[in-house]
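1. could you look at this predicted model? Sequence included:
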Amino acid sequence: MRQTLSVLAVLTTAAAVASVATGAPRTQRSAIAEAVSSPSRTPANVARDQYRHPVDTLTFFGVKPGNTVVEIWPGGGWYTEILAPLTRAKGNYYAAVGPDFPNGGKAVEAFKAKDPALYGHAKLVAFPAEAGQPRVPDGTADVVLTFRNVHNWRMGYKRNDQDYSPEAFKQMFAMLKKGGTLGIEDHRLPESASAEREKSSGYIKVSTVRRLAEQAGFVFAGASEVNANPRDTADWPDGVWTLPPSYRLKDVDRAKYAAIGESDRMTLKFRKP
């Protein structure tokens, strides 16, 4: 019996190797891992993988190479370096930049100019889009992703300190297909903390994000602890920006904050029914 099992194990392994050698279809996770390991990524961005866990995060959100993916506020392009190459052959990638549109898309435009083969298909749109601005067409996105931005909308960033998170969720809901996914990662404020801290600390409660999403029509589809950091107590002198990579206090207790690492983050998935 043992000999039979050993032979079966050898044959199974040989078949798996042969499958890879003949170019078997990539799995969702292997396609993401390939994009994450690409030499085209900036070394400084790669160094943050230990905190941002891009393979696990995008796998949890269900991102596939053939998807139409919208990234809300790509900023300097940390995830652009992964999502644009991932979708270049079969999918679509929208970089939805903020109220400073189109200036907020300079990083994405720089990527496109540097390497059109990887980034040329990226489309630049506004978010939240105003009348007359280019936007993601309603009902076209498979996945909408936003990383560490809901707290900005809640704080009224670039909108005269007025909370515009309900409008942001409304527009994300509109751009998704039925059954599409909204993936959110953000700095997590403990549920026991005062809600007032959401207005200044850069942290936000899971319950607040869920309320905003569900009021817009989304259905909660799950949570992952892949980006959790139990060392982060979320009560720092200069809010979340005390921690790396911002180090807003500069050299004050820098070693202490470096040892804590980047913030404790929620990773939530919602579905458009």
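-> Arrived safely.
2. now the strands: where do they sit in the stretch 151-273 of the chain?
-> 176-187, 219-224, 265-271 (DSSP state E, counting those that start in this stretch).
3. pull out the buried residues from the shortest one.
-> Judged by neighbour count using 16 or more other CB atoms under 10 Å, the buried positions of strand 219-224 are Ala221, Ser224. All C-beta spots, glycine's among them, are computed from the backbone N, C-alpha and C.
4. so what strands line up beside that strand?
-> Sheet pairing of strand 219-224 (DSSP bridges) gives strand 265-271 (antiparallel).
5. can you give me the buried ones in the strand it pairs with?
-> Buried positions in strand 265-271, judged by neighbour count with 16+ other CB under 10 Å: Arg265, Met266, Thr267, Leu268, Lys269, Phe270, Arg271.
6. excluding its backbone neighbours, what's nearest the first one?
-> If the residues on either side of it in the chain are set aside, Arg265 comes closest to Asn227, at 3.9 Å by CB to CB, 6 or more residues apart in numbering.
7. is it true that the one you found touches Phe60?
-> No: counting by CB atoms under 8 Å, Phe60 is not a contact partner of Asn227; they are 9.6 Å apart.
8. ok, back up a step: identify the farthest-apart pair in the buried residues of strand 265-271.
-> Across the buried residues of strand 265-271, the longest distance by CB to CB is 20.5 Å; it joins Arg265 and Arg271.
9. what about Ile184, neighbour count?
-> Neighbour count of Ile184, defined by other CB atoms under 10 Å: 29.
10. so it bridges to which residues?
-> Note on Ile184: beta-bridge partners Thr146, Leu268, judged by DSSP bridges.
11. about what we covered before: the residue nearest to Arg265: what's it in contact with?
-> Neighbour list for Asn227: Tyr51, Arg52, His53, Thr57, Glu185, Asp264, Arg265, Met266, Thr267 [criterion: CB atoms under 8 Å, 6 or more residues apart in numbering].
12. so for Pro244, what's the pLDDT?
-> Residue-level confidence at Pro244 comes out at 98, pLDDT.
13. ok, Ser19 next?
-> pLDDT, Ser19: 33.
14. with Ala44 instead?
-> Predicted confidence (pLDDT) for Ala44: 96.
15. run through who's touching stretch 28-40.
-> Against stretch 28-40 from outside (CB under 8 Å, 6+ apart): 26, 49, 54-55, 58-59, 62-65, 81-83, 85-86, 115, 118.
16. make JSON lines out of the strands of the stretch 151-273 of the chain and add mean pLDDT.
-> Shown next, in JSON lines, are the strands of the stretch 151-273 of the chain (pLDDT from 0 to 100):
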{"stretch": "strand 176-187", "mean pLDDT": "98"}
{"stretch": "strand 219-224", "mean pLDDT": "98"}
{"stretch": "strand 265-271", "mean pLDDT": "98"}
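17. can you add distance to Asp251 and give these back as TSV?
-> As requested, these are exported to TSV (distance: least, CB to CB, whole Å):
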stretch	distance to Asp251
strand 176-187	23
strand 219-224	34
strand 265-271	25
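18. of these, which is nearest Ile204?
-> Per CB to CB, nearest to Ile204 of those: strand 176-187, 5.6 Å.
19. go through the closest one and flag the buried ones.
-> Leu176, Gly180, Thr181, Leu182, Gly183, Ile184, Glu185, Asp186, His187.
20. identify the contacts common to Asn227 and Phe60.
-> Joint contacts of Asn227 and Phe60 (CB under 8 Å, 6+ apart) are Thr267.
21. give the contact list for the residue nearest the centre of the chain.
-> In the chain, the residue lying closest to the centroid (CA atoms, centre = their mean) is Phe147, at 4.1 Å. Taking CB under 8 Å, 6+ apart, we find Phe147 in contact with Glu71, Trp78, Tyr79, Glu185, Asp186.
22. make a markdown table from the residues you listed and add distance to Glu130 to it.
-> Shown next, in a markdown table, are the contacts of Phe147 (distance: CB to CB, whole Å):
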| residue | distance to Glu130 |
| --- | --- |
| Glu71 | 19 |
| Trp78 | 26 |
| Tyr79 | 24 |
| Glu185 | 26 |
| Asp186 | 24 |
